[in-house]
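A.B. asks: sequence and predicted structure below; questions after.
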Amino acid sequence: MIRIESVKAGILSIPSCLISQGICAITGSNGSGKTTFLKLLSGILTPAEGTVCINGKEPSDLKVGWVGEYPDRNMLFTRVFDELASPLRFVKLPCKEIEKEVIRCAKDLEISHLLCRDIHGLSGGELVLVAFGAALIAKPDLLILDETDSHLDDEFCTHLDLIIKKTGIGHVVFSTHRPERIAIADEIITLKEGRILRHSSLSEKGSYAYREYLDDPWFWRRIYAETTSGDFRENP
Ligand SMILES: Nc1ncnc2c1ncn2[C@@H]1O[C@H](COP(=O)(O)OP(=O)(O)OP(=O)(O)O)[C@@H](O)[C@H]1O
């Protein structure tokens with residue numbers, strides 16, 4: 001559970017907010033505070049007032065994975081293998097174990113063929129997968145995706161969604177400008193000028209009759225199930 005109480009941080013002003021375990025989408029127009037909100041959850045930004053508590057701990061005490069819109073800007077190594085291995089090398093895991101974990105991670109993400117490649121020659125989608133792998137390999141308590149889907153096509157997003165669903169990470173929080181991406185979310189927070197305009201949850205099934213469909217996760221799951229062979233069919 002993520003618990004935000006009486007927080008003021010940058011543009012954000014949030015009296016109270018609870019986010020259950022699962023996948024949470026953050027939406028809102030440009031400059032509404034989405035990245036600031038994600039920075040607050042990750043511990044990159046400390047609130048000027050109030051508290052943020054995730055599973056009973058402060059964000060700085062958690063393992064957080066972060067994948068941004070331009071993942072190569074945060075990559076430290078040239079070879080894909082080394083980038084994936086870096087979080088494990090930093091915690092001084094034995095070499096044999098690191099190699100095993102990197103190979104497993106690459107296989108899960110279907111990027112084994114990229115392990116020996118230079119990151120500078122990768123496509124945007126491939127870069128996202130490598131950044132995603134480097135975030136996942138450390139088994140984070142919280143995975144944050146900041147507009148990671150901005151430059152990805154639908155098929156690629158579906159691939160990422162299935163991986164996200166399989167990770168079993170307690171909290172995944174992502175920001176997006178693409179309404180259909182809400183299909184994967186269990187909760188949606190819509191920000192406006194640093195305030196929470198709406199906070200919807202899948203557990204409120206049937207409560208959307210008078211709301212805008214674009215904010216309704218059930219609406220997008222139904223569309224998703226009707227238009228793909230994805231594995232969210234059981235939900236709508
Ligand atoms: N370090 C900072 N110093 C001053 N203002 C900031 C800082 N970081 C963000 N802001 C401002 O806070 C507001 C919200 O920014 P933020 O990046 O959180 O919005 P966003 O919803 O992610 O926007 P976008 O969709 O355009 O990426 C913006 O007006 C931005 O200029």
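C.D. replies: Sure, I can see it.
A.B. asks: check what contacts stretch 124-131 and list those residues.
C.D. replies: For stretch 124-131, contacts defined as CB atoms under 8 Å, 6 or more residues apart in numbering pick out 67-68, 71-72, 74-75, 80, 83-84, 109-111, 114, 119, 122, 148, 151-153, 156, 160. C-beta here means a position set from N, CA and C on the backbone, and glycine is covered the same way.
A.B. asks: ok, of those, which come out buried?
C.D. replies: Buried residues within the contacts of stretch 124-131, defined by neighbour count using 16 or more other CB atoms under 10 Å: 67-68, 71, 75, 80, 83-84, 109, 111, 114, 119, 122, 148, 152, 156, 160.
A.B. asks: what strand or helix carries the nearest residue to Phe37 once chain neighbours are set aside?
C.D. replies: Distance criterion CB to CB, 6 or more residues apart in numbering; nearest residue to Phe37, sequence neighbours excluded, is Ile26 at 5.7 Å. Here Ile26, judged by DSSP states H and E, is contained in strand 22-27.
A.B. asks: where along this structure do the helices fall?
C.D. replies: Secondary structure of the chain, counting by DSSP state H: helices at 34-42, 80-90, 95-108, 124-136, 154-167, 217-227.
A.B. asks: OK, contacts around the residue nearest to Phe37?
C.D. replies: With CB under 8 Å, 6+ apart, Ile26 has these contacts: 34, 37-38, 173-176, 188-189, 191.
A.B. asks: distance to the ligand for those - can I get that in TSV?
C.D. replies: Listed next are those as TSV, based on distance: CB to the nearest ligand atom, whole Å:
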residue	distance to the ligand
Lys34	4
Phe37	7
Leu38	8
Val173	13
Phe174	12
Ser175	6
Thr176	9
Ile188	14
Ile189	12
Leu191	7
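A.B. asks: which of those sits closest to Gly50?
C.D. replies: Among those, Phe37 lies closest to Gly50 (CB to CB), at 13.0 Å.
A.B. asks: can you count the residues close to the closest one?
C.D. replies: For Phe37, the tally of surrounding residues (other CB atoms under 10 Å) stands at 29.
A.B. asks: pretty sure it is touching Leu12, no?
C.D. replies: Yes. The criterion here is CB atoms under 8 Å, and Phe37 meets it with Leu12 at 6.2 Å.
A.B. asks: who does Ile196 form a beta bridge with?
C.D. replies: Beta bridges link Ile196 to Leu191, judged by DSSP bridges.
A.B. asks: any idea of the angle the strand holding Ile26 forms with helix 217-227?
C.D. replies: 100 degrees (axes from the mean of the first three to the mean of the last three CA atoms, to 10 degrees).
A.B. asks: would JSON lines of the helices of the chain with mean pLDDT be doable?
C.D. replies: Compiled in JSON lines, the helices of the chain are given as follows (pLDDT from 0 to 100):
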{"stretch": "helix 34-42", "mean pLDDT": "96"}
{"stretch": "helix 80-90", "mean pLDDT": "90"}
{"stretch": "helix 95-108", "mean pLDDT": "92"}
{"stretch": "helix 124-136", "mean pLDDT": "91"}
{"stretch": "helix 154-167", "mean pLDDT": "84"}
{"stretch": "helix 217-227", "mean pLDDT": "72"}
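A.B. asks: nearest to Ile182, of those?
C.D. replies: helix 217-227 (4.7 Å).
A.B. asks: just checking, what packs against the closest one?
C.D. replies: Packing contacts for helix 217-227, counted by 3 or more CB pairs under 8 Å, 6 or more residues apart in numbering; DSSP states H and E, involve no helix or strand.
A.B. asks: good, we can wrap up now.
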